[in-house]
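> here's my sequence, what's the structure:
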Amino acid sequence: MQFNHDNMTGVRLAADLVNLDTGAGWSREEVEELLHKHDIRWPQVTDRVVAELRRWAERLAPVFIADSAQARCDAINAVLTEGAGPAYLTMHDGLRPHVHFAADQDTVASRVRAVTAGSLAIFTIESEGRRLGQCALDRCTMVFVDTSRNGTRRYCSTRCGNLDAVRRHRAQSRTSKQKS
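Model (predicted):
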């Protein structure tokens, strides 16, 4: 699977929106910065739009925490129904042909819903229902998009992976000492 701009923008934006919900985010400035980071055109938002995107992030979360490919498909179908309009091919800003799931004149919230829902659907097809997840560290709620070579990522970051490895090592050491 190739991880390029066309199939990743909405997927990464979806993960970042869900993760924004787990942090102290959701100020207008943070949301605009996030939308700008993901190349969402005209990313200016109002407080009402911020609230709308926050509710959308809550709808996206089940896509990442689904425990099976079928559950993930069901979750994506739910957001597709709510978020994506008629898809069409376009070329703008010197980009090659690509799919849009909402018209440019739609509101920023509509465009974010459309690009995240549509991209999650395409990415899930390409990744055979895998490569989206929630961090395996028990005290972390961050979600991630697995773009690793072998597709076996379990943690949102190297830091969480290392924390869990240290925890498992210490538990194993304690068990070994108790047996001695």
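> every contact and neighbour count from this point should use C-alpha atoms.
Will do.
> flag every buried residue along the helix or strand of the chain with the lowest mean pLDDT.
Least confident helix or strand of the chain, by mean pLDDT, DSSP states H and E, is strand 98-100 with a mean of 83. Across strand 98-100, burial judged by 16 or more other C-alpha atoms under 10 Å covers H100.
> by contact count, what packs against the next helix-or-strand element following it?
The element immediately downstream of strand 98-100 (helix or strand, assigned by DSSP states H and E) is helix 108-126. Helix 108-126 sits against helix 5-22, helix 47-65, helix 69-83, with contacts defined as 3 or more C-alpha pairs under 8 Å, 6 or more residues apart in numbering; DSSP states H and E.
> what does the next helix or strand after helix 108-126 rub up against?
Counting by DSSP H and E, the next helix or strand C-terminal to helix 108-126 is strand 132-134. Residues outside strand 132-134 that contact it (C-alpha atoms under 8 Å, 6 or more residues apart in numbering) are 63-66, 141-146, 154-156.
> so which elements touch the helix or strand just after strand 132-134?
Next along the chain after strand 132-134, taking DSSP H and E as the criterion, comes strand 143-145. Applying 3+ C-alpha pairs under 8 Å, 6+ apart, we find strand 143-145 packed against helix 5-22, helix 47-65, strand 132-134.
> with mean pLDDT and mean neighbour count added, can I get these in JSON lines?
Formatted as JSON lines, the helices and strands packed on strand 143-145 follow (pLDDT from 0 to 100; neighbours: other C-alpha atoms under 10 Å):
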{"stretch": "helix 5-22", "mean pLDDT": "85", "mean neighbour count": "21"}
{"stretch": "helix 47-65", "mean pLDDT": "96", "mean neighbour count": "19"}
{"stretch": "strand 132-134", "mean pLDDT": "96", "mean neighbour count": "23"}
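> could you dump these to CSV with distance to K177?
As requested, these are exported to CSV (distance: least, C-alpha to C-alpha, whole Å):
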stretch, distance to K177
helix 5-22, 38
helix 47-65, 36
strand 132-134, 33
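> which one of these lies nearest to V99?
For the helices and strands packed on strand 143-145, proximity to V99 was assessed by C-alpha to C-alpha; helix 5-22 is nearest, at 7.9 Å.
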